[in-house]
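>>> Just to be clear, the model below is a prediction. Sequence and coordinates:
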Amino acid sequence: MSKRLSEADTASLAEAMLQSPLDTADLNTIQDAINRLDHALLVRRDPDEPWSPKNRQTAKAVVVIAPARTGKTYCIDYAVRHLSPLPAPLNEQVAAPFAVTAPSFFTIEELGRSLLAPMNLLPARALGAGMTMSRLYTRVGLKRPRLVHIDEFQRVLTPERVAPSRRQEAQVKIFSHIRDLLDLATWPLPLVLSGTRALQEVLERPDMDFIRERCTFIELKPMSIDNADDRLDLADALDAYGEIAQMRIGIEKKTDFFGRLILASNYNRGLAFEVCREAILLAAQVDDMVGPEHFAAFYARKVGCLPTANPFLASNWKLVTPGALFAELLSERGVKK
């Protein structure tokens, strides 16, 4: 059977689906919080004086908590990309927002370096934690980023070369630097911090009151097989992707299919959306309709399991152990399971 799409067309379709927003409650919640964070740029510390970089209220942080592959990074990126234009003359005085990932081998110096790099101000040699952070504070005041997103922020909880007995003390010091960025006199820096549940557990400690009071927390919950709203979100996503691909959806919404998809995705919304896209790409090679068989084929191709261990094929699918596809995709991306 001849291919319906060329490789170039398949790549274009994959990009189109990935860039298309899905109207979910998670996306709306994150977008609203980031918009409020951004609107605070306009609030003057002294209302009797004109707006200036130094005449701004101190900034706050939005902290997004969710398991891996829930879709938090996608939602944050979309919200930041779709911020409303700043009014003149602010738009000439404020730099574009940017995003970084917290260093996997975390130190305060590496955090500072990771934030200096997107501003093209990375020092040529190691300066030590104190000098690096001092340089960062100076450069933020000069560059004035509109907003910064730090992903995988739970990595700050296990800094390198710190004994377990001193880890709590080190965490307080790290978050003191974050508070300093929010309070920076020359340019209070709005932050979005995203990470796993471990991040919120640490921030709930009494010794973290000083930073928690400046944070807005958003927790994205995993999906549930029995949650009708979750199943509806996936059905809507599949319809939206099908429309982009100009393909028919050969799946009945009242069947157990979307429960199987939730299980196959280890209850992670972002991964479920990815499986929908991949199944459509697989079907689009030979047909103009996507059906359960394409989901089953994608799962089998990735996991290499027997039909009895494939959630899309097994008769007792609720007994299938979730997480196999999740672990395989993490392995492909070089992430430790």
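Received the coordinates, thanks.

>>> Which parts of the stretch 201-337 of the chain are helices?
Here the stretch 201-337 of the chain has its helices, by DSSP state H, counting those that start in this stretch, at 209-212, 228-245, 257-264, 269-284, 292-303, 324-332.

>>> I'd like those helices as TSV, with mean neighbour count appended.
In this view, the C-beta of every residue, glycine as well, is placed from N, C-alpha and C. Output for those, formatted as TSV (neighbours: other Cβ atoms under 10 Å):
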stretch	mean neighbour count
helix 209-212	15
helix 228-245	18
helix 257-264	24
helix 269-284	23
helix 292-303	19
helix 324-332	16
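
>>> Any idea which of these gets closest to Val202?
helix 209-212 (9.9 Å; Cβ to Cβ).

>>> on that earlier part again, quick one: closest of the helices of the stretch 201-337 of the chain to Pro89.
helix 209-212 (32.1 Å).

>>> Who are the packing partners of that closest one?
Other helices and strands packing on helix 209-212, by 3 or more Cβ pairs under 8 Å, 6 or more residues apart in numbering; DSSP states H and E, are helix 167-183.

>>> Not counting the helix it packs on itself, show me its contacts.
Applying Cβ atoms under 8 Å, 6 or more residues apart in numbering, the external contacts of helix 167-183 come out as 58-61, 108, 111, 133, 136-137, 140, 156-159, 162, 188-191, 193, 202-203, 205, 207-208, 210-211, 214.

>>> Tell me how this structure divides into domains.
The chain breaks down into these structural domains: 21-219, 224-332 (assignment by automatic domain parsing).

>>> Now tell me which of the ones you listed the model trusts least on average.
Of all these, the minimum mean pLDDT falls on domain 224-332 (a mean of 90).

>>> Show me how far that domain is from its chain's centre.
21 Å (Cα atoms, centre = their mean, to the nearest Å).

>>> Report the buried members of the contacts of helix 167-183.
Burial of the contacts of helix 167-183 was assessed by neighbour count (16 or more other Cβ atoms under 10 Å); the buried members are 58-61, 108, 111, 133, 136-137, 140, 156-157, 159, 162, 188-191, 193, 202-203, 208, 211, 214.

>>> Filter the residues you listed down to the ones in helices?
Among these, the subset assigned to helices under DSSP state H consists of Ile108, Leu111, Met133, Leu136, Tyr137, Val140, Val202, Leu203, Ile211.

>>> Distance to Arg69 added to those, as TSV?
Shown next, in TSV, are those (distance: Cβ to Cβ, whole Å):
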residue	distance to Arg69
Ile108	28
Leu111	24
Met133	32
Leu136	31
Tyr137	34
Val140	31
Val202	22
Leu203	22
Ile211	27
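
>>> on that earlier part again, can you lay out the domains of the chain as TSV showing distance to Leu13?
Formatted as TSV, these follow (distance: least, Cβ to Cβ, whole Å):
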stretch	distance to Leu13
domain 21-219	16
domain 224-332	6
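
>>> So for Asp9, which of those domains sits nearest?
That would be domain 224-332 among the domains of the chain, by Cβ to Cβ, at 8.4 Å.

>>> What are the boundaries of the strands in the stretch 51-200 of the chain?
61-65, 98-101, 148-151, 191-195 (DSSP state E, counting those that start in this stretch).

>>> Nearest the geometric middle of this structure, what residue?
Closest residue to the average C-alpha location of the chain: Thr73 at 1.2 Å, with Cα atoms, centre = their mean.

>>> What separation do you get for that one and Leu193?
The spacing between Thr73 and Leu193, counted by Cβ to Cβ, to the nearest Å, is 12 Å.

>>> Beta-bridge partners for the closest residue to the residue nearest to the centre of the chain other than its chain neighbours, please?
Excluding the flanking residues, the one nearest Thr73 by Cβ to Cβ, 6 or more residues apart in numbering is Asp151, at 5.6 Å. Legend: beta-bridge partners of Asp151 under DSSP bridges are Thr101.
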